[in-house]
Each structure stands twice: as C-alpha cells, then as structure tokens.
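Visitor: Can you look at this prediction? I've put the sequence above it.
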Amino acid sequence: MGNLGIGIKKFLSNKNTVTVVGVVVAVLVLYIAYNMRVQAAVNPISVPYATEQIEPGTQITEDMVGTMEVPPSMLEGDVIRNQADVIDKYSNADTLIPKGSLFYTRQVVEKEQLPANIILDYPKGYVLYNMPVNTETTYGNSIYPGNYIDIYLRITRKDTGDGQAATNNNEKELMQYGKFIQNVKVLAVKDSAGQPVFSNLDEQRTPAMIVFALPEEYYVLLKKASYLTLYDSELVPVPTNESLQDKPDDLEMSSESLRDWIETVTYWDESMG
C-alpha cells in the first residue's frame, strides 16, 4: 500500500501527466454532453395532435386528440407536448385547428377565457341575467364562477317629498326585504369592461357584474323589481354552501309573498315578451 501511495503521489506531481489527464477528461465530458444533446434532438417524443378539424370555441374531447412521435428538433414555437394540457380545454375563439395539426399554446384556452363562455353553461329554456355588483357586495371579490348564491331583494318606497313615505302606516308599502330566489349558480364575474375578473390573476380587476341564468318567470320578476318607479330596489347576492355539495339543490323561488307583492304593483305586457 505504501508503494502504491508513493506511485500515485509521483504520478500526480508530474505536470505533464496531469495536463494530459485533464485534457482527456475534458474531451470525454464534451463528448458525452454533445452525444446527449444529439440524442435528445434526434430521439422522437410523443406529442398530441388533432385527429379532426376543431372549430373555434369548441371543447376538445379525448376522441379529438391523438399522439404522434416527433423529433424534438422539429418542434418550433409554443407546441403543447402533453395531452393533459389539451383534453377538456377549448379551442380559442379566433382559432380553427386543422385535422393533423399539432396544438399550440395560444390555440388552447380554459373555458373562462372564451369571450362568450357563459353561453356554454346554462340549461335550455333559461335566460341570462346580469346583476350589477361591486367589491363590497361580492364580499371582497369572493364570489367566483361556479359558486352558488341566494338572491335577497330589498324594496323601499321612495319619499315623494310630501312626507308620504315617512308617514305611511302600511309598513309593507314602506319596505319589503327577504330571500327571493335561492341556489342560483354564478356563471361569470366580470369587470366594467366585460372582462372576466379571475381570468388573469396577475391583474387586479374590480367586479362590476355577476351573470347567472334562471327560468324566464324568475327573470321577469327580477326585471319588474328593478324597474319599479315608486320604489328603490336592490338585489343582494349572498353566498351559500351549495357549491360544497356533490349535488346542489335546484334553483327555486324562496318567497311567494315577495312575488305576489311585485305582481300587485307591476304588470307584464305579454306582447313584449
């Protein structure tokens, strides 16, 4: 062992030998690194492609996506490489994806990013309703698409200036307040420019409207309440825990008395419906 140690020490003390060894090691490292890069560029990888033409704004289902082997060196731009980043997403509103085409990042978006994504989410026979809101009425911007809310209705008789509202003994004419419609699913939360509030978390957007759908009968009642001339009315969204249930309860009218009261002070022209 002693002789071996002395031999190694002498070997390492020879500058020429050390230089040669260093050069050999460096060449080996460069060769291995180069070879790995060549293999990485040549060995094909599996990427998703469209098995059929996909129209703009279409949900991309599993049967629309196949995979093909492609050398990485041929992949240019923002090509999507994983099926999971394509399936159940949507083709962009301005994008037609040809049959056989690879998928690119700008072509594939979440449903919330589609300009008209709310038309994909509500039952046939329902009508879209747009409720004005602000940061306060959305509980500090805490109402999200997919949440469920109850809608409370507050109606207060306006003061005409002659003291009529203040002296009216009929309390029901002075003010009506209560839960009006319950278990309403929020389809979208948008700012004053109509942009989805939560589509880009890097931007601080202020909620100005929440959009939901409800049967036409309920839609008409809400519109009637908002068009009252002798009363100030306000629709108040209140979050519920329906979103946490496996099967949320159905949307329904909560207050028959409020509905009856609205019907007594308004009318609906069927020729306008």
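Guide: Noted; the coordinates are in hand. From a predicted model like this one, the values you see are computed outputs, not experimental measurements.
Visitor: For this structure, which segments count as helices?
Guide: Remark: helices assigned in the chain by DSSP state H are 2-13, 15-42, 164-167, 171-174, 216-226, 256-265.
Visitor: mean pLDDT for those helices: which is lowest?
Guide: Averaged per stretch, pLDDT over the helices of the chain is lowest on helix 164-167, reaching a mean of 48.
Visitor: So Ile181 versus Val108, what's the distance?
Guide: When distances are taken as Cβ to Cβ, to the nearest Å, Ile181 and Val108 turn out to be 36 Å apart. (Each C-beta comes from the backbone N, C-alpha and C, glycine too.)
Visitor: and what of Pro196?
Guide: For Pro196, the distance to Val108 under the criterion Cβ to Cβ works out to 17 Å.
Visitor: Could I get the average pLDDT for stretch 145-153?
Guide: Here stretch 145-153 scores 90 as its mean pLDDT.
Visitor: so Leu128 bridges to which residues?
Guide: When bridges are called by DSSP bridges, Leu128 pairs up with Ala213.
Visitor: Correct me if wrong: it contacts Met209.
Guide: No: with contact defined as Cβ atoms under 8 Å, Leu128 does not count as touching Met209 (11.0 Å).
Visitor: show me what contacts Val127?
Guide: With contacts defined as Cβ atoms under 8 Å, 6 or more residues apart in numbering, the neighbours of Val127 are Ala213, Leu214, Pro215, Glu216, Tyr219.
Visitor: who wins for neighbours among these?
Guide: Of all these, the most densely surrounded is Leu214 (23 neighbours; neighbours counted as other Cβ atoms under 10 Å).
Visitor: can you tell me which residues contact it?
Guide: For Leu214, the residues meeting the contact criterion (Cβ under 8 Å, 6+ apart) are Tyr126, Val127, Tyr129, Ile181, Val184, Leu222, Leu251.
Visitor: which stretches of the protein form strands?
Guide: In the chain, the strands defined using DSSP state E lie at 45-50, 65-70, 90-91, 108-109, 126-132, 148-157, 175-190, 209-215, 231-239, 252-253.
Visitor: which stretch among these comes nearest Pro98?
Guide: With distances scored as Cβ to Cβ, the stretch of the strands of the chain nearest to Pro98 is strand 45-50 (6.9 Å).
Visitor: thinking in terms of the whole chain, how far from its middle is the closest one?
Guide: Centre-to-centre, strand 45-50 and its host chain are 26 Å apart (Cα atoms, centre = their mean, to the nearest Å).
Visitor: ok, and what's touching that strand?
Guide: Strand 45-50 is contacted from outside by 64-72, 75, 79-83, 86, 97-103, using Cβ under 8 Å, 6+ apart.
Visitor: Just the buried ones from those residues?
Guide: Neighbour counting by 16 or more other Cβ atoms under 10 Å classes Met64, Val65, Val70, Val79, Ile80, Gln83, Val86, Ile97, Leu102, Phe103 among these as buried.
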